[in-house]
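Chemist: Got a predicted model here, sequence first, then my questions.
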Amino acid sequence: MNSNLLNYVLQLADNGLIYGHRLSEWCGHGPILEVDMALSNIALDSIGAARSFYQYAASIEGNGKTEDSYPYLREVTDFKNALILELPNGGFADTIARSFFFDAFQFHFYTALCHSTDKQIAGIAEKSLKEVTYHLRFSSEWVIRLGDGTEESKQKIQAAIENIWTYPGELFEPSVEEKALMLEGIAPDITLLKSSWNDTVARTLEEATLQFPMSKADAWHHSGGKKGIHTEYLGFILAEMQHLQRVYPGCEW
Amino acid sequence: MSNTEWPLWEIFIRSKAGLDHKHVGSLHASDAQMAIEMARDVYTRRQEGISIWAVESLHIHASNPDDAAAFFDPMNDKVYRHPTFYDLPDELTHM
């Protein structure tokens, strides 16, 4: 078993699961019905991609593992998702700021991941890239609408961007396992994606008449997610997600 | 309150190439682009279509239901307006 590959596939899966879970919390609470459905659709896309990666992880690990073993039966420290994804949703502007930063990353990342020498990973990336392209369009449009909207909406999205600015940096930090896979061409070199991500972000913020937090562009950022060092928020997500399987192991309905 | 609501849009979806756009419902959106994006999320989640039209509802002019008697009832005894009313000669094919 290639433990670097397993680690990496779980990282991709966990990002999708936790992002999708946070967005699914908007279901029934969206500002309007149409946005409620859009966020739920994106949540389902994201969890769908996560499922494909979990299934692949189970086939790599064998040993009786299934796609459900990973989301339901691992501890907080086993999860490898980026910290930005587990932060609480906050208000609509906060959710949009997070989505925009992550979708922009996913777009460039999946574009590169399509060229992975691992056919399974490349296949999942290719399918997901179409979805991610739409996610980025949705979140970019809302950044622009809020930024170029009313005084209140502009102030809210600007504050949301400033608040979350110390999180996206982690997305461009490869883990030890990832670095090994980069040599084999399985994982793209994410450090190279930073400048295209910066361009995408800067272009949209400019159109939205928002300030790029330039002074903090290369400031310190949070990290640790890939190593299993999480914020307190992930524990609460897992408590809700896992309690049924923990109390009634193997239960189906 | 009503003046802060977004305008209403009627949504038409073409299910596949060659077919007409069909009315599927309506939604609220601030402009045409948002209407199309929201229609994508609300009305095409189950592969219902390949093309979307959005028309602001205020541009749709409708017949008045009160006029229905004068508008539509006179047609129900004019069977000769249906092609099936006429006997065709046997020699006539491809009809």
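Modeler: Everything's here; your move.
Chemist: measure the residue nearest to the spatial centre of chain B to chain A for me?
Modeler: With distances taken as Cα atoms, centre = their mean, residue B:23 lies nearest the centre of chain B, 4.1 Å away. Relative to chain A, residue B:23 is positioned 17 Å away (Cβ to the nearest Cβ, to the nearest Å). C-beta: built from backbone N, CA, C; applies to glycine.
Chemist: Report the secondary structure state of the residue lying closest to that residue once chain neighbours are set aside.
Modeler: The shortest distance from residue B:23 to any non-neighbouring residue, by Cβ to Cβ, 6 or more residues apart in numbering or on different chains, is to residue B:12 (5.5 Å). Under DSSP: H, G, I helix; E, B strand; the rest coil, the three-state class of residue B:12 is strand.
Chemist: Excluding chain neighbours, what is closest to residue A:32?
Modeler: Distance criterion Cβ to Cβ, 6+ apart; nearest residue to residue A:32, sequence neighbours excluded, is residue B:28 at 6.6 Å.
Chemist: for the one you found, what are its contacts?
Modeler: By Cβ atoms under 8 Å, 6 or more residues apart in numbering or on different chains, the contact list for residue B:28 reads A:32, A:34, B:5-9.
Chemist: ok and the residue in the stretch 151-253 of chain A nearest chain B?
Modeler: residue A:153 (11.6 Å; Cβ to the nearest Cβ).
Chemist: what's downstream of whatever helix or strand that residue lives in, the next helix or strand?
Modeler: Using DSSP states H and E, residue A:153 sits in helix A:151-164. Sequence order places helix A:176-183 as the next helix or strand after helix A:151-164, per DSSP H and E.
Chemist: so for that following helix, what's the average pLDDT?
Modeler: Here helix A:176-183 scores 96 as its mean pLDDT.
Chemist: Tell me which residues of that helix come out buried.
Modeler: Judged by neighbour count using 16 or more other Cβ atoms under 10 Å in any protein chain shown, the buried positions of helix A:176-183 are A:177-178, A:180-182.
Chemist: which stretches of chain A aren't confidently modelled?
Modeler: Low-confidence segments of chain A (pLDDT under 70): A:214-218.
Chemist: at 80 what do you get?
Modeler: A:1, A:214-219, A:253 (pLDDT under 80).
Chemist: Close to chain B: what parts of it are there?
Modeler: Within chain A, the positions adjacent to chain B are A:32-35, A:37-38, A:41, A:134, A:137-138, A:141, A:145 by Cβ under 8 Å from any Cβ of the partner chain.
Chemist: Of the residues you listed, which belong to helices?
Modeler: If you go by DSSP state H, these have A:33-35, A:37-38, A:41, A:134, A:137-138, A:141, A:145 in helices.
Chemist: ok, and the most crowded of these?
Modeler: Tallying neighbours with other Cβ atoms under 10 Å in any protein chain shown puts residue A:38 at the head of those, with 25 neighbours.
Chemist: I figured that one hits residue B:43, correct?
Modeler: No. Using Cβ atoms under 8 Å as the test, residue A:38 is too far from residue B:43 to be in contact (11.9 Å).
Chemist: can you map out the strands along chain B?
Modeler: Using DSSP state E, the strands of chain B run over residues B:8-14, B:21-28, B:51-56.
Chemist: and residue 10, how many neighbours?
Modeler: Since you didn't name a chain, this refers to chain A. 25.
Chemist: Oops, wrong one, chain B.
Modeler: Residue B:10 has 19 nearby residues by other Cβ under 10 Å.
Chemist: and it, bridged to which residues?
Modeler: residue B:26, residue B:55 (DSSP bridges).
Chemist: Who are the packing partners of the strand or helix carrying residue A:48?
Modeler: Using DSSP H and E, residue A:48 maps to helix A:33-61. Packing contacts for helix A:33-61, counted by 3 or more Cβ pairs under 8 Å, 6 or more residues apart in numbering or on different chains; DSSP states H and E, involve helix A:3-24, helix A:69-73, helix A:92-113, helix A:119-147, strand B:21-28, helix B:32-43.
Chemist: Can you lay out those as CSV showing distance to residue B:50?
Modeler: Shown next, in CSV, are the helices and strands packed on helix A:33-61 (distance: least, Cβ to Cβ, whole Å):
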stretch, distance to residue B:50
helix A:3-24, 26
helix A:69-73, 34
helix A:92-113, 23
helix A:119-147, 14
strand B:21-28, 10
helix B:32-43, 11
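Chemist: What separation is there between the nearest residue to residue B:40 once chain neighbours are set aside and chain A?
Modeler: Nearest residue to residue B:40, sequence neighbours excluded (Cβ to Cβ, 6+ apart): residue B:52, at 6.5 Å. Computed as Cβ to the nearest Cβ, the residue B:52 to chain A distance reads 13 Å.
Chemist: Lovely, talk soon.
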